[in-house]
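J.: just need the structure, nothing else, for what follows:
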Amino acid sequence: MDRVTQQQVAMMPIEFKLNGQTVVGRPDELIIETARRHGISIPHLCYTRTLRPDGNCRACVVEVKGERALAPSCCRFPTQGMEVTTDSARALTSQKMVLELLLADMPEHEYTLSNKVDVWARKLKVGKPRFRSRPQPRADLSHPAIAVNLDACIQCTRCVRACREEQVNDVIGYAGRGDHSKIVFDFDDPMGESTCVACGECVQACPTGALMPARDAGLQAIDKKVDSVCPFCGVGCLLTYHVKENKIQFVTGKDGPSNHGRLCVKGRYGFDYAHHPHRLTKPLIRKPGVGKSADFVVDPGNWSEVFREASWEEALDVAAKGLARIRDEDRYALAGFGSAKGSNEEAFLFQKLVRTGFGTNNVDHCTRLCHASSVAALMEGINSGAVSNQVNDVQNAEVIFLIGANPTSNHPVAATWMKNAAKNGVKLIVADPRRNELARYATQFLQFKPDTDVALLNAMIHSIIDEDLVDKKFIAERTSGFEALKENAKSFSPEKMAPVCGVPAQTIREVARLYATSKGSMILWGMGISQHVHGTDNARCLIALTLMTGQIGRPGTGLHPLRGQNNVQGASDSGLIPMVFPDYQRVDHPDANQRFEKLWGMALDKKPGLTVVEIMNAAYDGSIRGMYIMGENPAMSDPDLEHARTAMARLEHLVVQDIFLTETAYLADVVLPATAWPEKEGSVTNTDRMVQLGRRALEAPGEAREDLWIIVELAKRLGLSWNYSHPREVFDEMRSCMDSIKGITWERLERDSSVTYPCENEGDPGQPVVFQTHFPTATGRAKFVPADLIGAAEQPDRDYPMVLITGRQLEHWHTGAITRRSGVLDAIEPEPVASLHPLDLAALGAKPGELVTVESRRGKIALYARADAGTPRGAVFIPFCYYEAAANELTNPALDPFGKIPEFKYCAVRVTRGGQRPGDPGYGKGRTLGELYG
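T.: Okay, the predicted model is just below:
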């Protein structure tokens, strides 16, 4: 029976009797769900719709006519003519007995306001239990995020299924026999010492409070619940804020299309940054005579020696006058950095302000530091920078090829879909210089040498051509340039490339064969591909692999560059890029230029602007004299930080708009206090092309104002007659010039929370899979672009013999401005670490936890050593979120010539044992860790 027929059968109605009434169910709908749909509540404890039914608590038993034993309604599907009674005397007696036995072991102390045992006992009028309770275990409060109260545990195994089957973290187990059986973490370790990643799925699943947010958060009587979107990575998980007295108490996952209730540690526990005492609450103006330098620092909790408070009127006037003065002298001396952590509407207005208020296209944001090379290759090859298929489409693939990405740290919920797929039989291929957690589930793990991506991928291309596994029909009908690719591939045999990339030739051929011959192969990649001087070439190879095998345009196939921050995709779509207007319309294309000149009612510059690093170089040289930076922190995120900070210190006028006094704001002339994500309304677009609505849950502190309001007020002072009062007005304007979202209305976002683009007409469902029949090029064809070997701009040598790889940690995000001000996240990962192979550590004479110093030609930092067998010999991995040991003091600003992205993933360093402890006086530009983060 084929899939279509199976689906048709699953949807066929089934008539059966439920409590004497004839109802209609389906073969794939459990009795408990059919009953719920017809207004009948059946007691249940171990069952929840998001987890696999288990049937172990027996609270949901019902009587089925003709059957000897009672049946658990959470594990039974109806059949034609079945007669089910949920409230017969026999069923009720059994349900009450289960609840009474469980009540006997319930502690007197409550851990949650919604203990489901109590809830159902009250509904069924179960009185005081007649049974003696067992001795109860002590509470485990060793974890900063989760309290473990096993005295309230009913061993329903919801937490086990959530951990093992949903998140696939394999931490929670069930051990012991009889009345000694219990829930355990790893080998019965305290939770705080286990391998728990604090995703909180177990907490969300627990029905009794045995697992709850720490510090009695579950006992707070909530004032309101507000549905919104997670403000961290590009997965775009929908969530619900639980608010009391204008403070978020805890967060739960919402059934959104990208997460289906799942969250990670950041999304679930990283919310309290909004309440941090470092929040900016009034505008600040730099005091006269306070100079600037690359090593200038300010205590974010005590800034009064550097800045003075000002009214909004004064601060906006000073900010605008400084920008206007420079513009009137030389408009090309101004530039703006927008934010990928704000909304689509903010991004759109910001780039519009730069283009119409400054008069140039010198506007960019952090996608330049993330996926600029990926977008350059995608635009060149298929004329679209968006993903072809959504992340959870991996479940429809036969092969997943993941390269240069660590989703378990950077996109944890997306990683769960990959783990689920692998456990269901999908073949997972992981390729990366560092071994990550997903390698455990991989059919093949290719640990290639850093900087050899093109060698590996071209060898795969060679193998597919050599074994005649190409899709000739697809190539002929939908592509161009294959002959040039074929000619280029001749010199990249696996046998020749094996010593270059460090992967055996036979393995390369096996992986290439697996990818090319499957019914559906999907490629996902991260910044391990993009952040190289050959990042565009890396992506060109991935595009070629897809096109030559026809693995695109169908479910379970395609190309997916995993977007980093929550609105990198949306900010790029909205035009926060120096060479394109919104929807990737080239600023130097006459039609696009004319379209926006007509829309905005003024002449626009036709010259593409400068990119992030180019702007910093121009500021260093003095040709960029003023900047407006909203929600970005280039003093931490740019490569070669000494150079970047010096460049910003040389600016005549710097306006910074943010929620904290960031390292960038130390150098500002005017600081404008903005709103945190839970304090405003607006849309964001995730890595799956889903436009999703964030809703206001909190009132902003002090005089902090919404970013949208600040942008509009600055625009008015720069001579623009703007009157936007709500994000919906901006979104309506975006729809008028962005064909991809033309069919998405604000009302639909308010109703549905999430809509996938392209959606060109109102009412369209959106397209989760694109390029099904053609590519959005002039000819409808995609283009092959061959790639040759180009080495990193800086290679290890005798003085600097090791390779530095930078990236992110699970618990921290980007430059750490938000996550290091979250109590739980900073408690889990409080100190800067450098991960090295254990043998490299031994060669240094260092032990895990000891200080090591890492030095490049641009700077040096000291941090704590961490042994990591997944890091290859000769390499060191450092997260870039720690100010007191900023990895980007070491990184190389060399650029990819096409995407203009810096080479964050490769530079030469030396590592020595010892060093000055991060946070000690004299280290980190004179501040201690306590001074920085309070």
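J.: need the pLDDT of residue 933.
T.: In the predicted model, residue 933 carries a pLDDT score of 33.
J.: oh, I was asking about residue 178
T.: We note a pLDDT of 82 for residue 178 in this prediction.
J.: cool, and residue 527?
T.: Model confidence at residue 527, given as pLDDT, is 89.
J.: that one contacts residue 405, doesn't it?
T.: Yes. Applying CB atoms under 8 Å, one finds residue 527 in contact with residue 405, separated by 7.5 Å. (C-beta placed from N, C-alpha, C; glycine too.)
J.: residue 476 and residue 541: what is the separation?
T.: Distance, residue 476 to residue 541, using CB to CB, to the nearest Å: 21 Å.
J.: what's the answer for residue 12, then?
T.: Taking CB to CB as the measure, residue 12 falls 47 Å from residue 541.
J.: who has more neighbours out of the two?
T.: Under the criterion of other CB atoms under 10 Å, the comparison of residue 12 against residue 541 puts residue 541 first, with 29 against 10.
J.: list phi and psi for residue 578.
T.: The phi and psi torsions at residue 578 (degrees, to the nearest 10) take the values phi -70, psi -20.
J.: for the residue nearest the centre of the chain, which non-adjacent residue is spatially closest?
T.: What sits nearest the mean C-alpha location of the chain, by CA atoms, centre = their mean, is residue 233, with 1.9 Å. Of all residues not flanking residue 233 in the chain, residue 411 sits nearest, at 5.4 Å (CB to CB, 6 or more residues apart in numbering).
J.: can you give me the distance of that neighbour to residue 451?
T.: 24 Å.
J.: do residue 116 as well
T.: From residue 116 across to residue 451, the span is 54 Å (CB to CB).
J.: which parts of stretch 618-633 are buried?
T.: Taking 16 or more other CB atoms under 10 Å as the basis for neighbour counts, the residues of stretch 618-633 that come out buried are 618-620, 624-633.
J.: how far does it stretch from start to finish?
T.: The separation between the terminal residues of stretch 618-633, taken as CA to CA, to the nearest Å, is 18 Å.
J.: same check on stretch 670-681?
T.: Stretch 670-681 has an end-to-end distance of 25 Å (CA to CA).
J.: from the chain's centroid, how far away is it?
T.: Stretch 670-681 has its C-alpha centroid displaced from the chain centroid by 21 Å (CA atoms, centre = their mean, to the nearest Å).
J.: cool, and stretch 293-310?
T.: Between the centre of stretch 293-310 and the centre of its host chain there is 32 Å, according to CA atoms, centre = their mean.
J.: swap in stretch 327-334?
T.: A distance of 37 Å separates the centroid of the chain from that of stretch 327-334, by CA atoms, centre = their mean.
J.: please export the C-alpha coordinates of that stretch as CSV.
T.: This file holds the C-alpha atoms of stretch 327-334, laid out as CSV (Å, rounded to 0.1, in the frame of the first residue of the first chain):
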residue,chain,number,x,y,z
ARG,A,327,25.9,63.9,6.2
ASP,A,328,25.8,67.5,5.0
GLU,A,329,29.6,67.6,4.7
ASP,A,330,30.0,64.2,3.2
ARG,A,331,27.1,61.7,3.1
TYR,A,332,29.5,58.8,2.3
ALA,A,333,31.1,59.4,5.7
LEU,A,334,28.1,57.9,7.5
